[in-house]
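**Student:** model the structure of this input:
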Amino acid sequence: MAIKLPKYAHWVAERRFLVDPATMPALDAAGARRIEDLYIDGGRLRLRAITHPTGEREFKLAKKYAPDNPLIGPMTNLYLDDGEYRMLSRLPGARIAKRRHKAGAFVVDVFEGPFEGLITAECEATNRMAAMAVEIPAWCVREVTTELAYTGGALAQAQTVPQS
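**Tutor:** Presented below is the predicted three-dimensional model:
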């Protein structure tokens, strides 16, 4: 059964890949954003804090609806202020942190903590056909879009890199 686009949500088509660090382009550490996610227990909500290279912080609460196809699904975001973020960050859930870099049409996530060494790349598009048409660079060595173990929520819950 096809998912109806919920009110205020938008479609997100994204593909995710494992990256070979030996062949990926040089990443600009000064331009990276630090992302801290809390996957709140009991649902599909993600609380995110983004620290930009300028030191400015941004906070949002997201919901990714369960997709029929891992390639595309509805998502909605609500932007928060610091006090709202601090209050919601006390909720129980699983945490994960990463540094996000830009590399052409992709974002490259370099994970921290128990995920050190895991590097993924994502490309995002407005529809399935556009996502499938993206040219995949050689440093993206394996597509893991359909492998649920590589979603942020599953990684945070497992607190370990999936064994391939």
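
**Student:** who touches stretch 142-150?
**Tutor:** Here stretch 142-150 makes contact (Cβ atoms under 8 Å, 6 or more residues apart in numbering) with 14-18, 70-71, 120, 136, 154-155, 158, 162, 164. Every C-beta, even on glycine, is put in place using the N, C-alpha and C of the backbone.

**Student:** and with 10 Å instead?
**Tutor:** Under the criterion Cβ atoms under 10 Å, 6 or more residues apart in numbering, residues 13-20, 69-72, 118, 120-123, 131, 136, 151, 154-155, 157-158, 160-164 lie in contact with stretch 142-150.

**Student:** ChimeraX command for the buried members of these?
**Tutor:** A single ChimeraX command suffices to select whichever of the contacts of stretch 142-150 are buried according to 16 or more other Cβ atoms under 10 Å:
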select :13,14,15,16,17,18,19,70,71,72,118,120,121,122,123,131,151,155,161
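
**Student:** in strands only, show me the contacts of stretch 142-150.
**Tutor:** Among the contacts of stretch 142-150, the members found in strands (DSSP state E) are 13-19, 72, 120-123.

**Student:** could I get the residues you listed as JSON lines with distance to residue 49?
**Tutor:** Putting the ones in strands among the contacts of stretch 142-150 into JSON lines (distance: Cβ to Cβ, whole Å) gives the following:
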{"residue": "13", "distance to residue 49": "25"}
{"residue": "14", "distance to residue 49": "21"}
{"residue": "15", "distance to residue 49": "25"}
{"residue": "16", "distance to residue 49": "21"}
{"residue": "17", "distance to residue 49": "25"}
{"residue": "18", "distance to residue 49": "25"}
{"residue": "19", "distance to residue 49": "24"}
{"residue": "72", "distance to residue 49": "26"}
{"residue": "120", "distance to residue 49": "19"}
{"residue": "121", "distance to residue 49": "22"}
{"residue": "122", "distance to residue 49": "19"}
{"residue": "123", "distance to residue 49": "24"}
